[in-house]
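Participant: what's the 3D shape of this:
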Amino acid sequence: MPTTPATSQEITQLIAAALQRLPIYHEGMLKSVATAADIATVQIMSPALNLDQQLQIRAVIRQALPKSMQLNLTFPQHDHTIPMPQSSATVGDSNITRNPRAIAMIANIIAIASGKGGVGKSTVCANLAYALAQQGVATGVLDADIYGPSIPALFGDSQALNVNTQGKLEPRQVHGIQYVSFGNLATADSPAIWRGPMISKAFRQLCYQVSWSYRDCLLIDLPPGTGDIQLTMLETLPLQGAIIVATAGQLALLDVRKAVAMFRKLDVPIIGIVANMTNYHCPHCERDSRMFSDDDLQHYAEMHAIPILASLPFLSVLQTANMFSQRTELVELATLVRNSL
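Facilitator: Take a look at the predicted model:
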């Protein structure tokens, strides 16, 4: 990784040299480079790029830049940072048409989903965010579970969200991570008794009415199932991909199938599966015992060409945002996500 160059011209030369090594490079591809306050804003002009090629361009530019410098990469001819193709599908009784609109200051969006409740999805999301932040990735979390928000408790933060002079919510910041959650808008004992349209409106507000600082990656902690929030997200956001959190139990696997089918119908890549609560370490006998048979989940993943990204143990203590983040599996998962940005 290069040391921080002194001038914008040197940054431009680094990026140009990296792009020229790509088979898809052509004259005029690098439209502009601007640097300010350790952020490089880069515009790429090439009308025929698909998603994989755009991700490839991001990867080589990210590698060329100093580690301390953030990257804001745009493709003006494609309308947003890394666009997903428009597509449509029928999910249940709903006709869903994707027309993604980027969130200001957010470079990449990854959904953390489960299908099934109670599998530790929010814990995995919070710990992945913490591990990414430890690797220098500017990370945000959007807690989209309106009915049961867990992120504030995992981050040990119960302060209310403030509204700035522009009428936008100011995200909370803990461990270097920015986050927003309905849990910071309501008291702990207040239930959200809302119908579908209200839920969709609240989700859009958490997406577009927040004053984010620049984020390399925004993780969206989804509620269980394939309901209103999931469909609203699929309609409106340019997702880079989805990570599915599951236990190896057969009941959880039933809902994993539904979640995977939903994302694939709308052409959202499945980055992989995190197998959670795979074993329990007994503090008395010091032995590890398997919680479930891993065979069904492993077989399903192999049949559908989905990688198992990590296997995490069950812990009986109160779960927090940094309990797994130093484990080898989470560090490797964070590294995989970071390298895809």
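
Participant: the chain: helices as residue ranges?
Facilitator: Counting by DSSP state H, one finds helices in the chain at the ranges 8-20, 51-64, 121-134, 151-154, 196-208, 228-236, 250-265, 295-303, 328-340.

Participant: what packs against the last one?
Facilitator: Packed against helix 328-340 by the contact rule (3 or more Cβ pairs under 8 Å, 6 or more residues apart in numbering; DSSP states H and E) you find helix 51-64, helix 121-134, strand 270-275, strand 308-311. Where C-beta positions appear, they are placed from N, C-alpha and C, glycine not excepted.

Participant: can you say which of the helices of the chain is packed in most?
Facilitator: Most buried of the helices of the chain, by mean neighbour count (mean count of other Cβ atoms under 10 Å): helix 121-134, with a mean of 26.

Participant: still on that earlier bit, between the helices of the chain, which one is nearest to Ser181?
Facilitator: Closest approach to Ser181 among the helices of the chain is made by helix 151-154 (4.7 Å; Cβ to Cβ).

Participant: what does that closest one contact?
Facilitator: With Cβ atoms under 8 Å, 6 or more residues apart in numbering as the test, helix 151-154 has contacts from 122-123, 125-126, 141, 143, 158, 172, 179, 181, 183-184, 221, 319-321.

Participant: what do you get for stretch 288-302?
Facilitator: The list of residues contacting stretch 288-302 from outside it, by Cβ under 8 Å, 6+ apart, reads 246-250, 253, 256-257, 273, 275, 277-282, 306-308, 311, 313-314.

Participant: for that stretch, how far is the first residue from the last?
Facilitator: The first residue of stretch 288-302 is 25 Å away from its last residue (Cα to Cα, to the nearest Å).

Participant: about what we covered before: of the contacts of helix 151-154, which belong to strands?
Facilitator: Here DSSP state E is the test, and those give Val141, Asp143, Arg172, Tyr179, Ser181, Asp221 as lying in strands.

Participant: separation between Val331 and Gln134?
Facilitator: According to Cβ to Cβ, to the nearest Å, Val331 and Gln134 sit 8 Å apart.

Participant: same deal with Ser122?
Facilitator: Applying Cβ to Cβ, the value for Ser122 to Gln134 is 19 Å.

Participant: now Gln20
Facilitator: Shown here: Gln20 relative to Gln134, a distance of 33 Å by Cβ to Cβ.

Participant: where in this protein is pLDDT low?
Facilitator: Confidence mapping of the chain against pLDDT under 70 gives the ranges 1-6, 50-52, 55, 67, 77-99, 116, 186-197, 225-227, 292-294, 315-326.

Participant: okay, domains of it per the record?
Facilitator: For the chain, the domain assignment from automatic domain parsing gives the residue ranges 8-78, 88-340.

Participant: can you give me how far stretch 157-173 is from the chain middle?
Facilitator: With Cα atoms, centre = their mean, to the nearest Å as the basis, stretch 157-173 stands 21 Å off its chain's centre.

Participant: CA-only coordinates of that stretch in CSV, if you can.
Facilitator: Extracted C-alpha coordinates of stretch 157-173, given in CSV (Å, rounded to 0.1, in the frame of the first residue of the first chain):
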residue,chain,number,x,y,z
ASP,A,157,-26.1,3.1,23.3
SER,A,158,-29.6,4.4,24.2
GLN,A,159,-29.2,8.1,23.3
ALA,A,160,-31.9,9.6,21.1
LEU,A,161,-31.2,10.6,17.6
ASN,A,162,-31.0,14.4,17.0
VAL,A,163,-32.4,16.4,14.1
ASN,A,164,-30.1,18.9,12.4
THR,A,165,-31.0,22.3,11.0
GLN,A,166,-31.7,20.7,7.6
GLY,A,167,-34.4,18.5,9.2
LYS,A,168,-32.3,15.3,8.9
LEU,A,169,-31.5,12.8,11.5
GLU,A,170,-27.9,12.8,12.8
PRO,A,171,-26.6,9.2,13.1
ARG,A,172,-25.2,8.0,16.4
GLN,A,173,-21.5,7.1,16.4
